[in-house]
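Student: Predicted model and sequence follow; I will ask about them next.
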Amino acid sequence: MAVRYLENPFLRLSLKAISSLLVSIIFSTGCTLSTSIEDLASKVESTTPTVSISDTSFTEGSIGSFTVSLSQPTTLPVTVAYTMVDETATSPADYIGATGILTIPAGQSSGTVSINIVDDSVYEGNETFRFEISAVNNADMGPVTLSKQITITDNDSVPDISIADASVTEGGTLSFTVSLSHASKYPVTFDYVTQDGTGANKAVSPGDYTALSTTTATIPAGSLTTTLSVTTLQDSTYEQDELMNVVLSNPGTANIVDNTGVGTIVNDDTSPTFSISNVSATESQNVDFVIDISSPSEVPITFTWQTNDGTAVGGSDFTTQAPTLVTIPALTTQITLSVPTMNDSIAELSEQFSITVSGLTGATAGVVTATGTITDNDSDPFMWTGNAFPDTNWTTGANWYGGSAPNSSQTAIFNPVCAHCDAIVNSNISVGGIRFDVGYTGTVTQSSSQTITVGSSGWTQSSGNFAGSDANISVTGDVSVSG
């Protein structure tokens, strides 16, 4: 007799169960079956397909698909109940999970389930989730839930770490921002340490900032930045803006592309005041000008100075100083500029010259011009000064350097340093000598009926004028008139 192969899996046990009944029928009727019961059961068993899931992985940002396969086609549609289960990948952050029913049409050997894999800019590494089949109809999936682990391949590289420069006024806190090029799913660690700067404007711990030994910092998962803080110190010293460094090392899952942040400590102290004082010295000694700096400065101070003639003349009374650049070292508050003076044998008034400062840097200009006074060291006091002006009488003691008029043993001297150079002989006078030095421009006038008696030192006249009127002049010594 003909046997129809039953494809419903729920009939398999029934066919085997009725085999003894069929055998009994055969023995009682004498009929012969063209197919054995074992063959019949085998044919029924072999027509039930089994379900499997293909191995697969997806790249972040792609649209993927799972292939659910049957071991063989069947004449009945096969339905598959599936779901997706988070592992290190989570839905909907990493993929769009779904639960549903897949139908494989009759005669087909497979079906597909599509899935969207989310693209992001976060470093995550490869992640996994599971595709699970919980039930099937018209097919066999085995005794347990069918499950396959799926890998999502990350398309983001590990992030780059960089540190920005920072600036703050001294006494404040330097805030260095450490950044990632893109976020990471995991915390990113790194070490950092402070270092003194280099060069003339270096910041040095502990004077300028509080140093930090090697310390570990963390940028939290999903964050892009963290801040490193360095405390700076206040002082009262004028200085340049100073530099120190924060250096990164030993990154976790990241690459350091800029490992040094430069911290600028901005000076908030005013520059010191530069001043120079007047000074005097006896001829043949140095005139020492003292320069004072009002407060210490870490910035070198530079300036140019030179001498200027006054009643004292460079080359004859003092050594001329051409414009010369001077540097005052850092933290120095006083220096001296020396001008040598020249000795002579001429009795003369105190003479003066000046020095001037220009091109000052690193300090605020206070007094930048000073006067140097050269005091005469010659003993002859009988030099005409005219200091009693408008009284210009010869016999007035205040008109002479020593305070009294010369007598018959002393030489009267007229030179160009007189305050008021004209003199009047208003009575009979007797002196040891009369000398008119080079450069004298005044006039000595002898009043009418007055007599001038000059002793053995004679009369020497290199410049100036004498008006004798009709009076008498008697000279014992030599007379020399020139110019």
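Tutor: Right, received. Where do you want to start?

Student: could you pull out the helices for this structure?
Tutor: 12-17, 19-29, 37-46 (DSSP state H).

Student: weakest of those helices in terms of mean pLDDT?
Tutor: Within the helices of the chain, confidence is poorest for helix 12-17, with a mean of 39 (mean pLDDT).

Student: Bridged to residue 336, which residues?
Tutor: Beta bridges link residue 336 to residue 290, judged by DSSP bridges.

Student: so what's the residue nearest to residue 352 when sequence neighbours are not counted up against?
Tutor: In space, and not counting its chain neighbours, residue 352 is closest to residue 310: 4.3 Å by C-beta to C-beta, 6 or more residues apart in numbering. For the C-beta atoms, the positions are set from N, CA and C on the backbone; glycine is no exception. If a contact means C-beta atoms under 8 Å, 6 or more residues apart in numbering, then residue 310 has 351-354, 371 as its contacts.

Student: out of those residues, which is most surrounded?
Tutor: Neighbour tally across the contacts of residue 310 (other C-beta atoms under 10 Å): the maximum, 23 neighbours, falls on residue 353.

Student: so who does it touch?
Tutor: Taking C-beta under 8 Å, 6+ apart, we find residue 353 in contact with 307-314, 317-318, 339, 371-372, 374.

Student: is it true that residue 183 touches residue 220?
Tutor: No: assessed by C-beta atoms under 8 Å, residue 183 is found out of contact with residue 220, at 9.8 Å.

Student: More neighbours: which of the two?
Tutor: More crowded of residue 183 and residue 220, by other C-beta under 10 Å: residue 183, with 20 against 13.

Student: Just want to check the distance between residue 409 and residue 345.
Tutor: Look at residue 409 and residue 345: by C-beta to C-beta, to the nearest Å, they are 19 Å apart.

Student: Those two: who's more crowded?
Tutor: Set residue 409 next to residue 345 and count neighbours by other C-beta under 10 Å: residue 409 wins out with 12 against 8.

Student: Nearest spatial neighbour of the more buried one, chain-adjacent residues omitted?
Tutor: Using C-beta to C-beta, 6+ apart and skipping the chain neighbours, the partner closest in space to residue 409 is residue 432 (4.8 Å).

Student: Per-residue pLDDT of the one you found, please?
Tutor: 93.

Student: so it makes contact with residue 453?
Tutor: No: counting by C-beta under 8 Å, residue 432 stays clear of residue 453, with 9.9 Å between them.

Student: how about the residue nearest to residue 409, what does it touch?
Tutor: Contact partners of residue 432, counting by C-beta under 8 Å, 6+ apart, are 406-411, 454-457.

Student: out of those, who's nearest residue 123?
Tutor: Comparing the contacts of residue 432 against residue 123 with C-beta to C-beta places residue 411 closest, at 104.3 Å.

Student: returning to that earlier point: and the residue nearest to residue 352, what pLDDT?
Tutor: Reading off the model, residue 310 has pLDDT 95.

Student: Then residue 414?
Tutor: We have a pLDDT of 92 for residue 414.

Student: tell me, how many neighbours does it end up with?
Tutor: By other C-beta under 10 Å, the residues close to residue 414 number 26.

Student: Please apply the same query to residue 225.
Tutor: Residue 225: 11 surrounding residues under other C-beta under 10 Å.

Student: can you tell me which residues contact it?
Tutor: Applying C-beta under 8 Å, 6+ apart to residue 225 gives the contacts 177-180, 219.

Student: now swap in residue 49 and tell me
Tutor: By C-beta under 8 Å, 6+ apart, the contact set of residue 49 is 70-74, 78, 109, 139-140.

Student: how about 7 Å then?
Tutor: By C-beta atoms under 7 Å, 6 or more residues apart in numbering, the contact set of residue 49 is 70-72, 74, 78, 139.

Student: same deal with residue 208?
Tutor: Counting by C-beta under 7 Å, 6+ apart, residue 208 touches 232-233, 242, 265.

Student: Would you check how far apart residue 163 and residue 261 are?
Tutor: Applying C-beta to C-beta, the value for residue 163 to residue 261 is 4 Å.

Student: what's the overlap in contacts for these two?
Tutor: Common neighbours of residue 163 and residue 261, using C-beta under 7 Å, 6+ apart, are 176, 246.

Student: Could you list everything the closest residue to residue 198 other than its chain neighbours pairs with in the sheet?
Tutor: Leaving aside its sequence neighbours, residue 198 sits nearest to residue 243 (C-beta to C-beta, 6+ apart; 8.0 Å). Beta-bridge partners of residue 243, counted by DSSP bridges, are residue 202, residue 264.

Student: burial count for residue 243?
Tutor: 19.

Student: I'd guessed it sits against residue 260; true?
Tutor: No: between residue 243 and residue 260 there is no contact under C-beta atoms under 7 Å: 11.0 Å.

Student: just to revisit the earlier point, and which of the contacts of residue 432 is nearest to residue 105?
Tutor: For the contacts of residue 432, the closest approach to residue 105 (C-beta to C-beta) belongs to residue 411, at 145.1 Å.

Student: show me what contacts the closest one?
Tutor: Listed by C-beta under 7 Å, 6+ apart, the contact set of residue 411 reads 380, 382, 431-435, 457.

Student: Run through the bridge partners of it.
Tutor: With DSSP bridges as the criterion, residue 411 is bridged to residue 433.

Student: Please determine how far it is located from residue 457.
Tutor: In terms of C-beta to C-beta, residue 411 sits 5 Å off from residue 457.

Student: ditto for residue 107
Tutor: Distance from residue 107 to residue 457, by C-beta to C-beta: 153 Å.

Student: So for these two, which residue has more residues nearby?
Tutor: When residue 107 and residue 457 are compared for neighbours, residue 457 comes out ahead with 19 against 10, by other C-beta under 10 Å.

Student: Would you check that that one makes contact with residue 413?
Tutor: No: Residue 457 is beyond contact range of residue 413, at 10.7 Å (criterion: C-beta under 7 Å).

Student: shaky segments in the stretch 1-150 of the chain?
Tutor: 1-46, 143-144 (pLDDT under 70).

Student: ok, which stretches of it are strands?
Tutor: Along the stretch 1-150 of the chain, counting by DSSP state E, counting those that start in this stretch, strands occupy 51-53, 57-59, 63-70, 78-86, 99-104, 110-116, 127-137, 146-153.
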